[in-house]
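> sequence first, predicted model second:
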Amino acid sequence: MTSSPGSASTSSFPGDDAAATAPAPVELEDRIAAAVLDVPGVDSLHGGAFGEVATYLPGRKVHGVRTGPDGTEVHVTVVYGPPVRAVAEQVRRAVLAVGPGPVQVTVEDLVPDGPPDATS
């Protein structure tokens, strides 16, 4: 490709410049994961006992989130302290705000709040 003077384009193919600068698409599962992680009391998403709860996207996985024709499944690790059922309900509502229902929330684990104790 020949560039005109003052042009910054170095691409060999038409449209390459736009594709190189376009942001990666945000998938539904990414939006669900972000909404879940914003819920107070949620520590992290959890992939299940064997890592089986995930959505496979090109070149990566979103652990802890699975969507399908029957709704959305979310697996989380919750901070010990707040009522677990209340946190799960907040997760369900957060997912419904961005994704399809029904929503099944599974609390896989509890973790202590705050940094780990250095004396143990």
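Arrived safely, thanks for sending.

> for the rest of this, base every contact and every neighbour count on C-alpha atoms.
Noted.

> state the mean pLDDT of the longest helix along the chain.
Assignment by DSSP state H gives helix 84-98 as the longest helix of the chain. The average pLDDT for helix 84-98 rounds to 97.

> just stretch 41-60 next, same as before
92.

> restricting to C-alpha, output that stretch in PDB.
Output of stretch 41-60 as PDB, limited to C-alpha atoms (Å, rounded to 0.1, in the frame of the first residue of the first chain):
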ATOM      1  CA  GLY A  41     -19.400  -9.900  49.800                       C
ATOM      2  CA  VAL A  42     -18.200 -11.600  46.700                       C
ATOM      3  CA  ASP A  43     -14.500 -12.400  46.800                       C
ATOM      4  CA  SER A  44     -14.100 -14.100  43.300                       C
ATOM      5  CA  LEU A  45     -15.700 -16.200  40.700                       C
ATOM      6  CA  HIS A  46     -15.200 -20.000  41.100                       C
ATOM      7  CA  GLY A  47     -14.700 -22.500  38.300                       C
ATOM      8  CA  GLY A  48     -16.300 -25.400  40.200                       C
ATOM      9  CA  ALA A  49     -14.600 -28.500  41.800                       C
ATOM     10  CA  PHE A  50     -12.900 -29.400  38.500                       C
ATOM     11  CA  GLY A  51     -12.900 -26.100  36.600                       C
ATOM     12  CA  GLU A  52     -16.000 -27.200  34.700                       C
ATOM     13  CA  VAL A  53     -17.900 -24.000  35.200                       C
ATOM     14  CA  ALA A  54     -16.700 -21.600  32.500                       C
ATOM     15  CA  THR A  55     -17.500 -20.000  29.200                       C
ATOM     16  CA  TYR A  56     -15.100 -20.700  26.500                       C
ATOM     17  CA  LEU A  57     -14.400 -17.600  24.300                       C
ATOM     18  CA  PRO A  58     -11.800 -17.300  21.500                       C
ATOM     19  CA  GLY A  59      -8.400 -17.700  23.200                       C
ATOM     20  CA  ARG A  60      -9.700 -17.500  26.800                       C
END
